[in-house]
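Peer 1: Got a predicted structure plus its sequence, pasted below:
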Amino acid sequence: MIDNKLTRMLRADIADAIQDIGKKYGVVLEVRPGSYSTNNFTLKIEGSQMVGDEVMTREAVAYRTYSMHEQTGLELFSKFTDGGETFKVTGYRTRASKRPILCRSLKSGRDYGFPTQMVKRLGGVVN
């Protein structure tokens with residue numbers, strides 16, 4: 001029987017297995033959540049191009065497409081400090097109205113959503 005626990009384990013194993021394929025073609029492959037029933041399951045694989053050391057995800061492309069750097073004052077992958085923690089701008093979520101700017105904590109590696117005006121205000125505090 002296929003259940004949530006099995007699909008999570010398969011997803012982790014598939015993610016490990018496809019990393020070499022991604023390196024071979026110069027892309028980053030990531031296994032996304034899918035769906036399952038008792039007899040079958042579907043997982044999604046997302047591929048992103050590397051630009052230098054950075055991954056050009058959908059959100060990163062959207063940040064450039066919607067010219068968010070003009071609204072926030074920060075280019076894509078720029079760094080700023082908030083509350084003693086350093087963040088890097090990693091993208092723009094087009095469907096998030098309150099916290100559309102995606103930023104990654106360099107300390108924990110987690111992604112957070114920030115309001116546009118807050119990123120603009122913090123943009124002057126760069127490490």
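Peer 2: Cool, the structure landed.
Peer 1: hey, let's count contacts and neighbours off CA atoms from now on
Peer 2: Fine.
Peer 1: what is the mean pLDDT for stretch 71-86?
Peer 2: Averaging pLDDT along stretch 71-86 yields 89.
Peer 1: Over to stretch 50-64?
Peer 2: 89.
Peer 1: so who does the closest residue in space to D82 that isn't next to it in sequence touch?
Peer 2: Ranked by C-alpha to C-alpha, 6 or more residues apart in numbering and with sequence neighbours excluded, the top spatial neighbour of D82 is L122, at 6.9 Å. Listed by C-alpha atoms under 8 Å, 6 or more residues apart in numbering, the contact set of L122 reads F80, T81, D82.
Peer 1: so the first one makes contact with T86?
Peer 2: It stands for F80. Yes. If you go by C-alpha atoms under 8 Å, F80 and T86 touch, sitting 5.7 Å apart.
Peer 1: what's the domain layout of the chain?
Peer 2: The record's domain parsing of the chain by automatic domain parsing lists 4-49, 57-122.
Peer 1: And the last one, end to end?
Peer 2: One end of domain 57-122 to the other measures 23 Å (C-alpha to C-alpha, to the nearest Å).
Peer 1: number of nearby residues for D13?
Peer 2: 12 (other C-alpha atoms under 10 Å).
Peer 1: chain center to the helix or strand hosting it: distance?
Peer 2: Take DSSP states H and E as the rule and D13 turns out to sit in helix 4-25. Centre-to-centre, helix 4-25 and its host chain are 17 Å apart (C-alpha atoms, centre = their mean, to the nearest Å).
Peer 1: Go through that helix and flag the buried ones.
Peer 2: By neighbour count on 16 or more other C-alpha atoms under 10 Å, the buried set for helix 4-25 is T7, R11, A15, I18, G22.
Peer 1: Quick check: closest non-adjacent residue to the third one.
Peer 2: In space, A15 comes closest to V31 once its chain neighbours are excluded; the distance is 5.7 Å by C-alpha to C-alpha, 6+ apart.
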